[in-house]
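Student: got a predicted structure here, sequence first:
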Amino acid sequence: PKYEIVQRGKQWDLRTVDPEKLKEEFAKAPYKHIEIEDLREFIKLKLEELLNRNSTRAPFAQRFAEIIDRYNSGSVSVEDAYAELVAFAEKLGEEEERHTREGLTEEELELFDVLKKDGLTKAEERQVKLAAKSLLKRLREEHPKVLVEGWHCDGQSQRRVKTAMEEVLDARLPESYDRRDFSDRCAGAFELMVNQATLGHHAAA
């Protein structure tokens with residue numbers, strides 16, 4: 001998919017946009033605040049879409065809010081605010097394609113983001129990716145089935161899911177994960193699955 005803004009017949013592909021060229025065009029635009037508002041609204045909608053796919057993208061929302069707050073307060077010029085928004089939109093385009101670069105589905109990427117930690121080697125990153133893939137396969141495809149309808153509302157069903165998750169992650173996560181790392185990642189992955197179930201995402205068949 002292309003990440004485009006259609007504006008008075010002009011199309012911008014934010015994956016290949018030339019920021020300097022856009023600055024030049026923006027400098028000539030007669031209604032600069034309208035240009036910024038159009039770009040702000042586009043980014044807002046794109047950001048909401050990406051957050052719905054992957055909850056670990058919250059720092060993008062914080063960064064966007066900071067840019068808008070500075071613009072609204074008048075602490076940056078309209079030209080600088082526009083340049084920041086263009087650069088930010090480029091980053092969103094890169095983020096939307098990250099799962100492809102990582103060789104993961106969107107759902108696997110979200111789980112990978114929850115499971116990974118700082119300081120991993122490339123080999124350990126590959127292990128964590130395999131752990132994410134294996135965990136989703138265990139939860140959604142293998143038997144005995146644990147993600148039954150309404151599992152997140154029942155204590156016994158929750159315990160079965162937790163046990164299945166811990167078994168997979170204990171076998172798959174790198175040895176560099178100490179007890180605290182393991183506990184934190186298990187808790188984060190379980191919270192992610194509960195949130196998804198609560199929102200009706202990836203509901204059990």
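Tutor: Cool, got the structure. Here the structure is a predicted model, which means the values were calculated and not measured.

Student: any idea how far residue 86 lies from residue 134?
Tutor: Relative to residue 134, residue 86 is positioned 40 Å away (Cβ to Cβ, to the nearest Å). C-beta: built from backbone N, CA, C; applies to glycine.

Student: in terms of neighbours, single out the busier of the two.
Tutor: When neighbours are counted by other Cβ atoms under 10 Å, residue 86 comes out ahead of the other of residue 86 and residue 134, with 20 against 15.

Student: what helix or strand is that one on?
Tutor: helix 78-96 (DSSP states H and E).

Student: what's residue 119 in contact with, if anything?
Tutor: For residue 119, the residues meeting the contact criterion (Cβ atoms under 8 Å, 6 or more residues apart in numbering) are residue 176.

Student: now swap in the one 10 residues further on and tell me
Tutor: For residue 129, the contact set (Cβ under 8 Å, 6+ apart) comprises 102, 103, 104, 108, 112.

Student: could you redo the last one with a cut-off of 6 Å?
Tutor: Residues near residue 129 by Cβ atoms under 6 Å, 6 or more residues apart in numbering: residue 112.

Student: the spatially most distant residue from the centre of the chain: what secondary structure?
Tutor: No residue in the chain sits farther from the centre than residue 30, which is 35.6 Å out by Cα atoms, centre = their mean. Under the three-state scheme (DSSP: H, G, I helix; E, B strand; the rest coil), the conformation of residue 30 reads as coil.

Student: for it, phi and psi?
Tutor: Note on residue 30: its backbone torsions stand at phi -80, psi -30 [degrees, to the nearest 10].

Student: and the strands in the chain?
Tutor: For the chain, the strands defined by DSSP state E occupy 4-7, 10-13.

Student: comparing these by mean pLDDT, which bottoms out?
Tutor: Comparing the strands of the chain by mean pLDDT, the weakest confidence falls on strand 4-7, with a mean of 49.
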